[in-house]
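Undergrad: A structural model of the following input is requested.
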Amino acid sequence: MKHTLLLLLCSITIAASAQTKNDAAGFTKSTSVPAFKQHNLLLQRAAYAAATPHTGTEKTTSGTGPVFDTTQWNHRVDSTWGAGWPDSVKLSVLNMFWGHIDSLYPCFVHLPSYNWDSIVSSMQAQITAGGVSEGKYASMINYLLSLMNDGHSNFYDYMVNYPYAIYPGLPLFRGESGKLGACVTTLNDTTALVYSAFPGHPFGLEPGDIILGYNGIPWTRLVQIILGYNLPNSVYKGSTDSAMYHRYIQAAGENWYLFDTINIKKCNGSLVNLPTSLMSGVLYNDFCTEQMDVPGVNKPSYNGYYYDDSDVVYGVMTGTHIGYVYMYDCEDTTDKLYRAVKSLVEDSMVTGLILDIRTNFGGGFDAYWDAYTYLTSGGTSWVGYGQRSDPTNRLAMYIDGPTSWYDIVDSDPNYFPHPIAILCGPNAVSAGDFLPVMFQHNPQVKLFGKSTAGAFGNLVEVNVNNTNFATTMQQTNFFQASDPSNYISHTMIPVNFPVWLDQAGVCAGTDTVVNTAAHWIEGTEAVKNATAATVKISVFPNPATKYIDIAIASPANDQMDVKLCDMLGEAVNDNGYSIVPGNNSIRINLENTQVPSGNYYLSFQGNNGERTIRKIAIIR
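TA: Sure, this is the predicted structure:
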């Protein structure tokens, strides 16, 4: 039985109008989206206003002097949004949210041992004492959320965290949204690197530029200052410390309005300092995905993804036999990914695949289940999940979703015997987290990039009787079938090749992650082709009834492991054979076995480590 968790939050109506790279027309559309994507869309509803704040519900005190003035931040937090809700409402919303989390949240495992009771009691006492403004209240609930650090759990004030206007001095820490008109990624050394930018950008930003910081202070230090002053925080949570810090650094360009001067290092090493006021009143919408353009594959624009349903896009890399697929979410239920890889394999005849999910907003397993069985020989048992078993014990768990619910049964007769590279990163969330976990059960697959966000579960809404707050909770915590005692939310699944964009590559217009994956595929194929040219394997009869005969022609001595496996990958017959130069014959007798009728596959692995697969049907 296959259970699919659709990791969606709620429906929203988004209206936006801004310059995009492919068109400048305005557009309006309603859409139902996963939580991470919804968060980005809510960030994108803001416009960069001039220094005078947007007239509306925001209330601020304007003044003269420097924008970056930490002595004014507490005052700005209090004055910008005013008193807000009555203290009784603030207290009720906090109590309802925390009551739900405290009794049901299944992901305290792997979090630091915070004194949660003390933290929440302090917040309750501050609210009860009175004088907590709406901005201060938002900063408090955002702080609680940052301690949970969960990609499915949200506690945001729509008014504070998702304003309609961004202006100099606004006391809010925002995550990257695409409004800057330049996209930033976090390098392995925590540098904030621009990898894409609109021509004629107000800051003169170009691919390869480094945003050093503002007002002469490094951005890494400014992040600590912002967090230390506990400004309202709209940076989406990452589920691991690594993913969270990645997003803080990635937000370097987005938060220009907190400062007076931006400090930039160009590709040639020159330093540029510019007034941040150059961004006031500018409108951009960009699709920031931590990917660079791949020749031969049309990467979608902002409108292409958000409004034209270009969530799965594919093609063949120019000058190669490598198929390339961008997959930006897992919402699809029409087998787009399956159809993409099938077209690349059967129509384009590719000999390697790259699946790029460095940004993937999540959705459900169905979006990639059939693609996996098409590419893979044999099924597998891969994950199950648990939930809280005791509302008074935050670490007490029980298995509510056994691995049998998610067992992959491979009834697809196809198999892709070539290398597959999965490109992933911290902005692959939820079902995007799970995709590499599933695909790693295919021995042809290697992971490139950075670990995903670590949000291994699904979400539910938390009812706080107030629609002015976004309140959700991760409901389940998954484990891998190989280790049912180890829940994996808030953990990193390691990649095989830890590589990321770098300044030299971006300045030269190349994507280091893509290049590394392509070179691995080409090198692996070269080894396989050399092996295939010298070792030939035939299996007959097919279907088999009483026995399976195997003919192996080899140019040299070898030791070969031959396994007969069912579609879940379980070996029903496993033996090693000494192979001599020339023709070799092996017979697997089925008459005295309990092997039932069905589809199976034979796995052949010699001393060189390469594996060859032959599918076979058995009729009893």
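Undergrad: Now name the helix or strand holding Asp433.
TA: helix 431-439 (DSSP states H and E).
Undergrad: Next, the buried residues of that helix.
TA: Ala431, Gly432, Asp433, Phe434, Leu435, Pro436, Val437, Met438, Phe439 (16 or more other CB atoms under 10 Å). In short, each C-beta sits where N, CA and C put it, glycine included.
Undergrad: now swap in stretch 567-580 and tell me
TA: Met567, Gly569, Val572, Asn573, Tyr577, Ile579.
Undergrad: just checking, the fifth one is part of a helix?
TA: No - using DSSP: H, G, I helix; E, B strand; the rest coil, the assignment for Tyr577 is strand, not a helix.
Undergrad: Specify which member of the buried residues of stretch 567-580 is nearest to Ser133.
TA: Gly569 (57.7 Å; CB to CB).
Undergrad: Am I right that that closest one is in a strand?
TA: No - read with three-state DSSP, Gly569 is coil and lies in no strand.
Undergrad: Surely it and Gly378 touch.
TA: Yes - using CB atoms under 8 Å, Gly569 makes contact with Gly378 at a distance of 4.3 Å.
Undergrad: okay if I get the buried residues of stretch 567-580 as a markdown table plus pLDDT and distance to Ile537?
TA: As requested, the buried residues of stretch 567-580 are exported to a markdown table (pLDDT from 0 to 100; distance: CB to CB, whole Å):
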| residue | pLDDT | distance to Ile537 |
| --- | --- | --- |
| Met567 | 77 | 20 |
| Gly569 | 79 | 20 |
| Val572 | 91 | 19 |
| Asn573 | 92 | 16 |
| Tyr577 | 95 | 12 |
| Ile579 | 93 | 10 |
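Undergrad: From those residues, pick the one nearest Asp309.
TA: The closest of the buried residues of stretch 567-580, once distances to Asp309 are taken by CB to CB, is Met567, at 33.0 Å.
Undergrad: how near is the closest one to Ile618?
TA: Distance, Met567 to Ile618, using CB to CB, to the nearest Å: 12 Å.
Undergrad: now swap in Gln480 and tell me
TA: 30 Å.
Undergrad: where along the stretch 101-250 of the chain do the strands fall?
TA: 154-157, 165-166, 173-174, 182-186, 192-197, 210-214, 217-218, 233-234 (DSSP state E, counting those that start in this stretch).
Undergrad: mind checking which of those strands is nearest Asn393?
TA: strand 154-157 (22.6 Å).
Undergrad: neighbours around Gly269, how many?
TA: 7 (other CB atoms under 10 Å).
Undergrad: do the same with Asp483
TA: The number of residues packed near Asp483 is 9, by other CB under 10 Å.
Undergrad: for it, helix, strand, or coil?
TA: coil.
Undergrad: And it, how close does it get to Val437?
TA: 12 Å.
Undergrad: I figured Asn360 was touching Gly432, is that so?
TA: Yes - counting by CB under 8 Å, Asn360 touches Gly432, with 3.1 Å between them.
Undergrad: Give me the common contacts of those two.
TA: Asp329, Cys330 (CB atoms under 8 Å, 6 or more residues apart in numbering).
Undergrad: still on that earlier bit, between Met567 and Ile618, which contacts overlap?
TA: What both Met567 and Ile618 touch, as defined by CB under 8 Å, 6+ apart, is the set Gly598, Tyr600.
Undergrad: Mean pLDDT and distance to Ile586 added to the strands of the stretch 101-250 of the chain, as JSON lines?
TA: Listed next are the strands of the stretch 101-250 of the chain as JSON lines, based on pLDDT from 0 to 100; distance: least, CB to CB, whole Å:
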{"stretch": "strand 154-157", "mean pLDDT": "96", "distance to Ile586": "58"}
{"stretch": "strand 165-166", "mean pLDDT": "94", "distance to Ile586": "70"}
{"stretch": "strand 173-174", "mean pLDDT": "98", "distance to Ile586": "64"}
{"stretch": "strand 182-186", "mean pLDDT": "98", "distance to Ile586": "51"}
{"stretch": "strand 192-197", "mean pLDDT": "98", "distance to Ile586": "53"}
{"stretch": "strand 210-214", "mean pLDDT": "98", "distance to Ile586": "60"}
{"stretch": "strand 217-218", "mean pLDDT": "98", "distance to Ile586": "64"}
{"stretch": "strand 233-234", "mean pLDDT": "98", "distance to Ile586": "63"}
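Undergrad: Reformat these into TSV and put distance to Val595 next to each item.
TA: Formatted as TSV, those follow (distance: least, CB to CB, whole Å):
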stretch	distance to Val595
strand 154-157	50
strand 165-166	66
strand 173-174	60
strand 182-186	51
strand 192-197	53
strand 210-214	61
strand 217-218	64
strand 233-234	58
